[in-house]
Every structure is written in C-alpha cells, then in structure tokens.
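Chemist: need coordinates for the following:
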Amino acid sequence: MAGTWHKLPTLCAQKLTEGIWQCRNWADRGYLSCDRWADEGSWQCDRWADEGSWECSQWADHGHSACSNWGTEWHSRCCDWWPCSWFCDALVWIAEQVCHAWYWVANWVCQAWFWLARWVCKAWFWLARWVCKAWFWVTQWVCLAWQYISRVFCLSNFNGGTMFLLTDGTVMLNENVGNDGTRRWWKLTPDENGNYFNGQWSRLADSINSHRYYASSVLADGRVIVCGGEYSDASPVVQDETAVSEIYDPVANSWSSITPPAGWTQIGDGACTVLADGRFLLGNAINNLTSVWDPATGTWSPSVGKNDNTSEESWVLLPDGSVLAPECQGAPASEKYIPGAVGTAGSWQVDSNVPVNLVETSSLEIGPGILLNDGRAFFVGATNQTALYTPPAIRTNNGTWNAGPVFPNINRQTLGIKDGPGCLMPSGNVLLGAAPVDGKVNSFLSPTYFFEFDGTNLNRTTDPPTSDTPVFMGRMLLIPTGEVLFAREDSADVYGYREENARIQGSWRPVVTQCPQGIQRGTTIVLEGRQFNGLSQAVGYGDDAWSPTNYPLVRIVNRATGHVRYCRTHDHMTTDAAGNTVTSMGVATGAALIQTRVDIPADIEIGDSLLFVVANAIESEPCNVVIFDERKRPEGA
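Modeler: Model prediction:
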C-alpha cells in the first residue's frame, strides 16, 4: 500500500509564526499597558478631584469659622455706652452677614470645582480609552503588514538542503540559496511528544564557508564533518571545486577548520563514507586519490589511488567493513576498498563487473547506492537500470552482481536517477525518486516520480507536492519516527513520507543487554547491546550529499506524561577480533556487543520511564528505568 506525505513546518513558517506571535504579543502587552495607564490615570484624577473638593470644603469651613470668630472677638471689645454700642452691634451684624456670604460663595466654588474636576476626569478617561483602542488597531495592522512582508521575504529566501540526523535526535539542515549555497544552518527539534511535524526550527552557528554538493557525515563522537564542495564562497571562482573542510561540534555549537589531505588543493563533490572503525574515507572528485581522516587524532592517512577517478561515484559500506564502488569513468567495472589498520591508507581492489549499464555515458552520473537489510547492495542508475550486489564470504574475494528491476516508462519517457537520493525505510523497502533521463550531459529533467523498491520490484507510490523538480535538487533523511524527510534546495517546503503498515522483523531490532535501572538527571550513562548501528547506513545519494544514520539514538518516554525526550549519544565502541576496544560505526554487526555513552539532560522529566535504543528508525524493546534527581534518589538506585 502506498505511503503518505506530511508537511513539516518550513523555515519560513517557523520564523513567520514566531514573528506573528511576537508582534501580537507586543500589541497585546501594549494594549494592556495602555488600559492600565488609562485606569490608573482615571483613578488618580478621581482621587485628585475628591481631594480637591475635600480641601475646598475644609477651606470654606475654616474661612467661615475664622470670620465668625473674628466677628465675635471684635464684638467683645465694643463699647457698652449708647450710641457707641448701637454702632458696634451694627458692625457685628454686618460682619456676620459677610461671613455667611463667604460660606455660601466658598461652597459654590467648591461644588463648581468638584463637578469641573469630575468632567475633566471623565474626559481623560474616554480620551485615554480611545488612545488605547487606536493603539490596538494600529498595532494589529502593523502585525498584518509585517506578516505579509515576512511571507514574501521568506518564500524567496529560505530553501532546504542537505540534512543530517544528529545523535540527540534533532535534524540539522544546510539552508541553500544561490549558486554557492549558504553558511546558514538550522536545527529541527521534535515537540514534547517526539513529533517532528509539530517541531520547532532554530538557528545554529554559521559555518566558516558555504558549501554546495560536498562530502559529509555524522561521526561517532556526534560531530559533523563537511569536506570540499563543487561550489563554495571560498574563492571568486564560480565552480571552484574547493578543498575547504570543517567540522561542527553540536555541544559547543561551533565550527572549526580541518586541513585537507596533504597535496590536495581541490576536493569538489568527492564521494565519501564513514568506515566501520569510525574513520572518514574521502575521495577526490578531481582525480583518483582517496584518504582517510581519523577523528581521534585529527590527521589524514597517506593518499591512495583507485583505478579510476572518484567523481560522481556512489559508495556503500558493506557488513564486512569494505566499501563497494561501481566505477563511473571505468564502467561497468567496480572496485572495493579494504580498510587498513588505523593510521594506514588501506587499498582498493578490482571487483566483478556490473552486468547492466548504471552510468549515463555523456555525464558519467549514477544514482544512489543503498545496503539492504538482507545484506545485498542496491544501486540505481542514471539510466533506467538497477543492480544488486551480493558480498562474498571473504571480503577480499569478489562479490556477485545481478541485474535489478528496470524503471517503467512514464508518459513515454525513460526514468532514472541522475544524481539523486534514496533511503532505506524501517520495513526494508527503499524510497526512491526517479525523473526522465535523455542521455544528454547537462540535461536534468523533471518531474520526480517516487517508487518503493521491495527487494524485488519497483512499485510506484505517491508523490509529494514538491515533486516538480529534477532529482538532483532533492535530499532525503531517515528520522527516528520512521518517516523519510524530503527537502529541495529550491523550496522552503519539507515533507515527510510515512509508510503504511510497515512490517519490521524482530531480528532487525537493536537489543539492549545492559541498562541502569536508576538514571540521574544531568549524568552520562553507558548502554550495552547488539546491533546498535543498524543494518545499513540507510541514506544514499551519490557524490553530492552524504548523511547516513547508522548510529544509536536513545529515546526516553515518561510513563506519566507520555512526553518523549531524545538524549545525545556518542563514542559508540566495540571489541575487535584482536580484543582491542575500537569505535563502532559498522553495519549489520550481528552478535558483537556495542557500548554507547548517553548524556541525560539535566531538565528531563523525573519518574518511571521507558528507554529505547533506536537505529535507522527501528527501536529496541523498552527498558524500564527511573529518572531521578540527586535530591530525590529512589531506594536502590
């Protein structure tokens, strides 16, 4: 049954939503402040009117009393002989009338003050209210105008690009604009229920240089390596095939430069992969040289050559630790890289010929290579052909190639994948996007039609709304919830493909053998088990975008709230045949015991929880754990 597509919040939508919320919040806060200011002003005015009226009444009463006292005191001093006494009484009577007149006039003045002050206060109140209403409507219009301007701005500037699944469960995306790409990077964090489609985008630190079409991978220590680029801003040359390389530290949220291999002045869109021991194998797109970078020492091995140029090739890490590469310049030949000991370069050897033509002759392009859960490697051509490789029992021997299914024609057009992505899903099916191919060197046609490969057949499935693009513009990434993200470097919209009724075999799951029952917040724990690296690197493209996901993630679910939290994992280790402790970044590691370190967030919810190890979106059986704070350590923890 065909899967379904679901839209993620875009970078534009995220900034737009945050901006609208901030603008409306600012408008609401302003209105509430204005309302409080109006109420406080009205209250102060009423208080001022009441106090003025009371003081006026006091002044009137005091004046009347003082006047009466003056009249009485003056009368006591009058003469008592006639006609003097009569004249004195007349003056006292006149003084009393004056005092009464003062009293009534003063009271009328006070009453007039009171009503005038009241009207002033009412006028203030209504004027202030109208000012607040005007503020509210003006700010609403400002927010609407900002929303419109921001939407136009976002739609023209925020596009998707190469994505990585960081070991803390977040998605890292390189924003693409223009020919050279950008230095801007974003992070998608799932919501509290572990849902990426309700998640939040946030900015990460800018890289030192921009890169477009480059070698890259997530390393065992959780860092992200980016090497070269067909295009960059490191020079004024448009297609500079730069050798500029750098590495991102997600803990420090910072980038630092890496010196390229000795003598390499260009890398371009070199093929690459992370080896089973955690080292990074890099090809030079300009020649046939390859070199290995050791994350532990930060050094490159001496360069070693392939039989042909590494440009445009798709490499697949096999369960035996070798790396398979169908040749593009030397098609139909294939080669296999046999890793050497740490500090050495290893070697390339010739393998069997591919039985069908996977390479477009004019462009030397090929499609993605994906290791299937049954151990076969599946390669898709820039023609309509596919092929399957079965590894040998001894890795230095040649494997066996067989022709795979052929893409059907659509609208009488031949379909193929000319530099494009593919992704292994939890069911074991591979999601692919194929577009018309015509054999011409610079011809990248659209639209893209999506298929699922079930190990035998190519089955047509649904297309996302953003399928009107050549396949090379697309990027895929497998996320822990099982969906495959599809981003375009010329679109702000990111969609996720969800399988319907995916069946996962029990033998594919990671198995946890050691897990602490009590886990303190803010600490680092060690988990041990089998198949922590999954059965495949899962995500393929070609030489332009590499983002494998074969490393363990840890998901903790709080029993009480159902909230989901991913914890950063790093330093995945195992024991080799000689008994040495080595980095574990292989695939289909079988019964080998693997340990990973897990950083428990200091703010994770406490209480009874379920802990899962997730590899390539397939989760282990849960471990019952108790998350506690040091101040509330449970008994026995």
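Chemist: surely Ser33 is in a strand?
Modeler: No. Counting by DSSP: H, G, I helix; E, B strand; the rest coil, Ser33 is located in no strand; its state is helix.
Chemist: now do the helices in this structure.
Modeler: Assigned by DSSP state H, the chain shows helices spanning 11-76, 84-155.
Chemist: the last one - what's its average pLDDT?
Modeler: Here the mean pLDDT over helix 84-155 is 71, rounded to a whole number.
Chemist: what residues of the longest strand seen in the chain count as buried?
Modeler: Using DSSP state E, we find that the single longest strand of the chain is strand 564-575. For strand 564-575, the buried set under the neighbour-count rule, 16 or more other C-beta atoms under 10 Å, comprises Val564, Arg565, Tyr566, Cys567, Arg568, Thr569, His570, Asp571, His572, Met573, Thr574. (Glycine included, C-beta is placed from N, CA and C.)
Chemist: state the distance from the third one to Phe164.
Modeler: Counting by C-beta to C-beta, to the nearest Å, the separation of Tyr566 from Phe164 is 14 Å.
Chemist: quick one: stretch 475-485 to chain centroid distance?
Modeler: Relative to its parent chain, stretch 475-485 has a centroid offset of 13 Å by C-alpha atoms, centre = their mean, to the nearest Å.
Chemist: typo on my end, stretch 460-473
Modeler: From the chain centre to the centre of stretch 460-473 is a distance of 22 Å (C-alpha atoms, centre = their mean).
Chemist: with stretch 109-117 instead?
Modeler: Between the centre of stretch 109-117 and the centre of its chain there are 66 Å (C-alpha atoms, centre = their mean).
Chemist: same check, this time on stretch 603-614
Modeler: The answer for stretch 603-614 is 22 Å, by C-alpha atoms, centre = their mean.
Chemist: on that earlier part again, ok, the buried residues of strand 564-575 vs Thr242, which is closest?
Modeler: If you rank the buried residues of strand 564-575 by distance to Thr242 using C-beta to C-beta, His570 comes first, at 28.7 Å.
Chemist: tell me who's in contact with the closest one.
Modeler: Contacts for His570 (C-beta atoms under 8 Å, 6 or more residues apart in numbering) come out as Thr167, Ala220, Asp221, Gly222, Thr596, Arg597, Asp599.
Chemist: repeat for Arg279
Modeler: With contact set as C-beta under 8 Å, 6+ apart, Arg279 has these partners: Val292, Trp293, Asp294, Pro295, Pro339, Val342, Thr583.
Chemist: now the residues you listed in JSON lines, with distance to Thr189, neighbour count and pLDDT?
Modeler: Listed next are the contacts of Arg279 as JSON lines, based on distance: C-beta to C-beta, whole Å; neighbours: other C-beta atoms under 10 Å; pLDDT from 0 to 100:
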{"residue": "Val292", "distance to Thr189": "33", "neighbour count": "25", "pLDDT": "97"}
{"residue": "Trp293", "distance to Thr189": "29", "neighbour count": "24", "pLDDT": "97"}
{"residue": "Asp294", "distance to Thr189": "31", "neighbour count": "16", "pLDDT": "97"}
{"residue": "Pro295", "distance to Thr189": "25", "neighbour count": "17", "pLDDT": "97"}
{"residue": "Pro339", "distance to Thr189": "35", "neighbour count": "19", "pLDDT": "96"}
{"residue": "Val342", "distance to Thr189": "35", "neighbour count": "17", "pLDDT": "82"}
{"residue": "Thr583", "distance to Thr189": "27", "neighbour count": "22", "pLDDT": "97"}
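Chemist: list the contacts for Ile208?
Modeler: Arg183, Val244, Glu246, Trp255, Ser256, Ser257.
Chemist: am I right that the third one is in contact with Thr259?
Modeler: No. In this structure, Glu246 sits apart from Thr259 without contact. The criterion is C-beta atoms under 8 Å, and the distance is 10.4 Å.
Chemist: now tabulate the buried residues of strand 564-575 in CSV and tack on pLDDT.
Modeler: Formatted as CSV, the buried residues of strand 564-575 follow (pLDDT from 0 to 100):
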residue, pLDDT
Val564, 98
Arg565, 98
Tyr566, 98
Cys567, 98
Arg568, 98
Thr569, 98
His570, 98
Asp571, 98
His572, 98
Met573, 98
Thr574, 97
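Chemist: and which of these is nearest Glu55?
Modeler: Arg565 (65.4 Å).
Chemist: which strand residues bridge that closest one?
Modeler: Judged by DSSP bridges, the bridge partners of Arg565 are Ile556.
Chemist: picking that back up, may I ask which two of the contacts of His570 are separated the most?
Modeler: Taking C-beta to C-beta as the measure, these span a maximum distance of 14.4 Å, between Ala220 and Asp599.
Chemist: returning to what we had before: which one of the contacts of His570 has the most neighbours?
Modeler: In terms of neighbours by other C-beta atoms under 10 Å, the contacts of His570 top out with Thr167 at 29 neighbours.
Chemist: contacting residues for it?
Modeler: Going by C-beta under 8 Å, 6+ apart, the list of residues near Thr167 reads Val218, Gly222, Pro250, Tyr551, Leu553, Arg568, Thr569, His570.
Chemist: so which residue is smack in the middle of the chain?
Modeler: Centroid-nearest residue in the chain: Leu188, 1.6 Å away (criterion: C-alpha atoms, centre = their mean).
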